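In: Here's a sequence, model it:
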Amino acid sequence: MKHRYRNPAPTVDIIIETPRGVVLIKRRNPPYGWAIPGGFVEVGETVERAARREAREETGLTLKGLAQFHVYSDPRRDPRQHTIATVFTARSAHIPKAGDDAAEAKVFCRREIPKKLAFDHTKILKDYFTMMRKKH
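Out: Purely as a prediction, here's the structure:
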């Protein structure tokens, strides 16, 4: 007898710091709004490779210093389905250019970041900025 498992989908999100701030994308597809670049991990792909691919596809950026930040797994974090996100941090010195399912890509200084972001990205950035404050 075959068992059919319904498992959460693995995803990645990448907090990309530039000299002027954090890169966000405006989503072309639902759920709409500004978000941290990211997406689904493909079969046969590591989360690190997925993070680099998604960053390149959505922002045109090549990443430096890719590092795991945190895992977010609240079943309500994505209204489409249960996902588990491995969130990374990275740097880039270049200007993002929207691609793939990003309608727009823009660098926001911390004070300019929209109050409401897609998914749980407001919480993710809050956690990130709290961690950065503690480091300095």
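
In: Just the helices from the protein, written as ranges.
Out: 47-59, 121-135 (DSSP state H).

In: Which of the ones you listed sits closest to Tyr5?
Out: helix 47-59 (19.9 Å; Cβ to Cβ). Yep, even glycine has a C-beta here, placed from its N, CA and C like the rest.

In: With His82 as the reference, measure out to Glu58.
Out: 22 Å (Cβ to Cβ, to the nearest Å).

In: What sits closest to Ile25 if chain neighbours are left out?
Out: Ala102 (3.8 Å; Cβ to Cβ, 6 or more residues apart in numbering).

In: tell me the contacts of Thr83?
Out: If a contact means Cβ atoms under 8 Å, 6 or more residues apart in numbering, then Thr83 has 8-11, 40, 77 as its contacts.

In: so of these, which ones are in strands?
Out: 9-11, 40 (DSSP state E).

In: Between Glu58 and His82, which has more neighbouring residues?
Out: Neighbours of Glu58 and His82, each counted by other Cβ atoms under 10 Å, are more numerous for Glu58; the result is 27 against 14.

In: Please point out which parts of stretch 64-76 sit buried.
Out: In terms of neighbour count (16 or more other Cβ atoms under 10 Å), stretch 64-76 has its buried residues at 69, 72.

In: For that stretch, which outside residues touch it?
Out: 8, 13-15, 47-48, 51-52, 82, 84-93, 120, 123-124, 127-128, 131.

In: Repeat that for stretch 105-122.
Out: Contacts for stretch 105-122 (Cβ under 8 Å, 6+ apart): 13, 18, 20-27, 31-37, 58-60, 72, 74, 77-78, 95-99, 125, 129.

In: Report the mean confidence score over it.
Out: The average pLDDT within stretch 105-122 is 96.

In: Give me the phi and psi angles of Asp74.
Out: phi -60, psi 120 (degrees, to the nearest 10).

In: and Ala85, how many residues sit next to it?
Out: Neighbours of Ala85 (other Cβ under 10 Å): 28.

In: Enumerate every residue touching it.
Out: So Ala85 contacts 10-13, 38, 71-73, 77 (Cβ under 8 Å, 6+ apart).

In: I appreciate the help and will end here.
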